[in-house]
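Undergrad: model this:
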Amino acid sequence: MSTTIDLSPISGPSAWRGDELAGSTEWIYHLSDAERDELEAAGRRFVADDPDLRTVTAADYPLDAAAGLIEECAQQMDSGRGFILVRGLRTEEYGDAVAGAIFYLMGLHLGAPMPQNQYGDVLDHVIATSNKTMDDPTALPSRVRDRLPFHSDSSDVVALMCLRGAREGGASSLVSGTTIYNEILRRRPDLAPLLFEPWHWDWRRQDPDAPADTYESPICSYVDGIFSTYAGAQMIFTAQEYPEVPRLTEAQIELLHLFDEIAQEPGLPLDMDFQPGDVQWLLNYAALHSRTEYVDYPEPERRRHLLRLWLRRDVGRPLVPGFGKTVIEDAGEPLPGGRFKIADAVAPNESWGL
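TA: Predicted structure coming up:
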């Protein structure tokens, strides 16, 4: 395994710009009639069978007509742009349970669903259950309407299905980690090497049950010609609250601010307005994600509502040791109240995030 850092620009499909993709539809996969029919039939059977979400497998629900869809999603995540949007499901015709079943089935064919909260839920929600803002340290990013900074999630893959969109705003924003790196290298080659050094990340704030306050990971990994990014400056800055963590240098602080500034520059991110039934698959190592601020409809049942999956996707991607968020493999018994049947799992916990 070669981890020698070659400080030269990185090319390839993962080095995209939003303003170049915005004028095309190459990143959108439109379902064929055969693919949609098979997915919808499988979703209805899934709802009727009512399996436990923790134990059901992809082999229980084979997808033949949609095999090409699964292959394309995998290819784009692993060695393409790092993301893909799948469009064409008629979720408004059959409701949230069947929609959630289709989403979960696709996820089973692309990886292993991970628990996302202390209840052990493997299907979670992005929906505003609170009027808090991100200025409140108790706010949960998935449960408020604020704009979010660009970041990576705690999984190999993060996927979103749109059940209902916002009244205004709420676009999903993606930005290429490769392009950010190339821009830092072009503007500040003196700072770029710091991206490959270990940084202290706030583990306690991400997981109250973490066995330590922080973990260490570089922001970038470049192994055997494969470039990966793991970002979220907020968790690096809050780690400074622990006295045992070394103080950030002026150069490190400058680099973190530059990284965030570049990520938000007009032309770099790609904003996509979710339509009901849209499914976005994203490899956390290839692209960062955020969303724009949004306004909900006044009726609770019309609120912006996305389903979210975190997947482990072990395809042998070469990474430097300890890269990315440290995940507790055995977190012990989850709190009671987890939802592991699809009809229950597609309904959000309204008290979560208050």
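
Undergrad: tell me the mean pLDDT for stretch 227-242?
TA: What stretch 227-242 shows for mean pLDDT is 95.

Undergrad: quick one: buried residues of it?
TA: 227, 228, 229, 230, 231, 232, 233, 234, 235, 236, 238, 239 (16 or more other C-beta atoms under 10 Å). Just so you know, the C-beta spots here come from the backbone N, C-alpha and C atoms, and that holds for glycine as well.

Undergrad: so which of these comes closest to residue 345?
TA: residue 232 (26.6 Å; C-beta to C-beta).

Undergrad: before we move on, the earlier item: from the buried residues of stretch 227-242, which single one is nearest residue 54?
TA: So of these, ranked by how close each gets to residue 54 (C-beta to C-beta), first place is residue 230, at 26.9 Å.

Undergrad: what's that closest one in contact with, if anything?
TA: The contact partners of residue 230, by C-beta atoms under 8 Å, 6 or more residues apart in numbering, come to 152, 217, 218, 219, 220, 221, 284, 285, 323, 324, 325.

Undergrad: what about it, distance to residue 198?
TA: Look at residue 230 and residue 198: by C-beta to C-beta, to the nearest Å, they are 12 Å apart.

Undergrad: joint contacts of those two?
TA: 217, 218.

Undergrad: Now for residue 334, how many residues are close by?
TA: Neighbour count of residue 334, defined by other C-beta atoms under 10 Å: 13.

Undergrad: go on, the one 4 residues further on?
TA: Other residues within reach of residue 338 by the criterion other C-beta under 10 Å amount to 18.

Undergrad: let's number from 12 now, not from 1
TA: New numbering, starting at 12: the last item is residue 349.

Undergrad: And it, how close does it get to residue 188?
TA: 32 Å.

Undergrad: Quick check: residue 253 touching residue 225?
TA: Yes. With contact defined as C-beta atoms under 8 Å, residue 253 counts as touching residue 225 (6.2 Å).

Undergrad: Report the set of residues contacting both of the two.
TA: Listed as contacting both residue 253 and residue 225 by C-beta under 8 Å, 6+ apart are 213, 215.

Undergrad: residue ranges with poor pLDDT in the stretch 262-365 of the chain?
TA: Along the stretch 262-365 of the chain, segments meeting pLDDT under 70 span 337-343, 363-365.

Undergrad: sec struct for the spatially most central residue of the chain, please.
TA: Among the residues of the chain, the one closest to the centroid is residue 169, at 3.2 Å (C-alpha atoms, centre = their mean). Classification of residue 169 by DSSP: H, G, I helix; E, B strand; the rest coil places it in strand.

Undergrad: What residues are recorded as beta-bridge partners of it?
TA: residue 293, residue 321 (DSSP bridges).

Undergrad: any chance you could map the helices in the stretch 262-365 of the chain?
TA: For the stretch 262-365 of the chain, the helices defined by DSSP state H, counting those that start in this stretch cover 353-356.

Undergrad: about what we covered before: of the contacts of residue 241, closest to residue 105?
TA: Out of the contacts of residue 241, the member with the shortest distance to residue 105 (by C-beta to C-beta) is residue 295, at 30.2 Å.

Undergrad: looking at it, that closest one is touching residue 169, isn't it?
TA: Yes. The pair residue 295 and residue 169 qualifies as a contact (C-beta under 8 Å) at a distance of 6.0 Å.

Undergrad: pLDDT below threshold where in the stretch 62-211 of the chain?
TA: For the stretch 62-211 of the chain (pLDDT under 70), the answer is none.

Undergrad: Please enumerate the helices of it.
TA: 78-90, 102-119, 188-198.

Undergrad: what's next to the shortest one, contact-wise?
TA: By that I understand helix 188-198. For helix 188-198, contacts defined as C-beta under 8 Å, 6+ apart pick out 18-21, 23, 25-28, 93, 202-203, 206, 231, 238-240, 242, 266, 269-270, 273-274, 279, 296-299.
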